[in-house]
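1. only geometry, no sequence info:
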């Protein structure tokens with residue numbers, strides 16, 4: 001039996017998906033080398049507190 005996700009966990013998943021999609025769009029538009037964390041955060045409409053997470057995402061691309 002799987003545990004139901006908490007509201008916080010669901011929100012974290014939603015934010016991660018927004019950041020991944022925004023990162024993909026920015027990379028395609030500007031190229032990997034010119035993409036910035038600020039552009040991705042703004043596109044995803046998230047706070048700057050997520051910057052550490054985004055750095056990890058960029059490293060996976």
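-> Done, it's in. All of these numbers come straight from a predicted model, not from anything done at the bench.
2. need the helix or strand of this structure with the lowest average pLDDT.
-> Using mean pLDDT, DSSP states H and E, the weakest-scoring helix or strand in the chain turns out to be helix 51-60, at a mean of 62.
3. where along the protein do the helices fall?
-> Ranges of helices in the chain, per DSSP state H, are 7-30, 37-44, 51-60.
4. For those helices, give me CSV that also has mean neighbour count.
-> The C-beta positions use only the backbone N, C-alpha and C, and glycine is treated the same way. Shown next, in CSV, are the helices of the chain (neighbours: other Cβ atoms under 10 Å):
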stretch, mean neighbour count
helix 7-30, 14
helix 37-44, 18
helix 51-60, 12
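5. Lowest average pLDDT across those helices?
-> Of all the helices of the chain, helix 51-60 carries the lowest average pLDDT, namely a mean of 62.
6. Could you measure from the nearest residue to residue 30 once chain neighbours are set aside over to residue 27?
-> Excluding the flanking residues, the one nearest residue 30 by Cβ to Cβ, 6 or more residues apart in numbering is residue 39, at 7.1 Å. To residue 27, residue 39 is 10 Å away according to Cβ to Cβ, to the nearest Å.
7. got it, and residue 5?
-> Counting by Cβ to Cβ, the separation of residue 5 from residue 27 is 29 Å.
8. cool, residue 47 as well?
-> Noted for residue 47: a distance of 21 Å to residue 27, by Cβ to Cβ.
9. Touching, the residue nearest to residue 30 and residue 31? I think so.
-> No. Judged on Cβ atoms under 8 Å, residue 39 makes no contact with residue 31 at a distance of 11.6 Å.
10. what residues are shared contacts of those two?
-> Common neighbours of residue 39 and residue 31, using Cβ atoms under 8 Å, 6 or more residues apart in numbering, do not exist here.
11. who's in contact with residue 50?
-> Residue 50 is in contact with 15, 19, 41, 44, counting by Cβ under 8 Å, 6+ apart.
12. Recalculate using a threshold of 7 Å.
-> Contacts for residue 50 (Cβ atoms under 7 Å, 6 or more residues apart in numbering) come out as 15, 19, 41.
13. Perfect, that will be all.
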